[in-house]
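Trainee: dropping a prediction and its sequence here:
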Amino acid sequence: MTEATSTYEYQYTARQAELVEIYDLCRSALLNVYYYGRRARVLSRWNLSVQIVSALGSVITLAGLLASVPRIWLIISGIAAVCVVILPLFHLTEKIATFERLHFAYDNIYRSLDLIVKDIRVCETLKESDRPAIALLFRQYASLGPLDEMDFDRKLRDTMQEEVNQIIPPERLWLPYDDDEQQTSTKTQAAGTTEETGKAYRR
């Protein structure tokens with residue numbers, strides 16, 4: 001399962017840690033949406049190219065039976081014949097179907113989590129009514145593990161991670177203050193200044 005990378009540099013309170021888990025799940029779901037979407041598109045292009053070459057080779061072979069054709073076309077026909085033989089060995093069609101299913105499954109999880117994350121930011125708290133839905137989304141995410149690509153493309157994963165960081169910057173995700181910081185915030189406000197009731201979580 002492709003996970004969004006994170007480096008913890010801060011000891012969270014229990015309340016903060018709960019939100020961080022939700023944020024990480026949201027970012028990981030989006031990472032998988034991008035990753036499997038790209039994998040499906042690339043394999044689809046390869047599959048289409050091989051099928052075109054195979055079809056072209058069949059036409060050339062038929063033409064060669066009816067009349068003489070240049071040597072280059074016979075070579076292309078031979079390549080096409082090889083493609084027809086080896087194409088099933090790569091199981092491209094099955095892989096494309098699996099990647100597309102994963103893409104849409106992770107997209108459904110991400111969209112649901114995105115609404116919850118936005119609601120947390122607006123309300124500055126996690127609603128009790130959202131907890132059952134969040135627990136279900138965690139289970140759905142875990143259930144996709146057996147379908148995930150085992151030997152995933154690390155370079156592509158890193159590229160998609162950068163896109164996720166642009167769409168969901170960690171510093172924009174809200175966390176409540178811990179007790180020590182809340183005391184500092186209260187003293188600051190008492191001194192005549194204002195400050196937000198939360199902060200971004202640290203990565």
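Mentor: Done, it's in. Numbers count the residues shown, from 1 in each chain.

Trainee: backbone torsions only: list them for Leu173.
Mentor: Note on Leu173: its backbone torsions stand at phi -90, psi 130 [degrees, to the nearest 10].

Trainee: hang on, it packs against Val117?
Mentor: Yes - using Cβ atoms under 8 Å, Leu173 is in contact with Val117, at 7.0 Å. (Glycine included, C-beta is placed from N, CA and C.)

Trainee: now the common contact residues for the two.
Mentor: Tyr23 (Cβ atoms under 8 Å, 6 or more residues apart in numbering).

Trainee: mind listing what Lys155 touches?
Mentor: No residues are in contact with Lys155 under the rule Cβ under 8 Å, 6+ apart.

Trainee: quick one: mean pLDDT for the helix or strand that contains it?
Mentor: In this assignment (DSSP states H and E), Lys155 forms part of helix 154-167. Helix 154-167 shows a mean pLDDT of 95.

Trainee: who does the next helix or strand after that helix touch, helix- and strand-wise?
Mentor: Note on helix 154-167: by DSSP H and E, the next helix or strand toward the C-terminus is strand 174-176. With contacts defined as 3 or more Cβ pairs under 8 Å, 6 or more residues apart in numbering; DSSP states H and E, strand 174-176 has these neighbours: helix 14-66, strand 198-200.

Trainee: of the ones you listed, which shows the lowest average pLDDT?
Mentor: Across the helices and strands packed on strand 174-176, strand 198-200 has the smallest mean pLDDT, namely a mean of 46.
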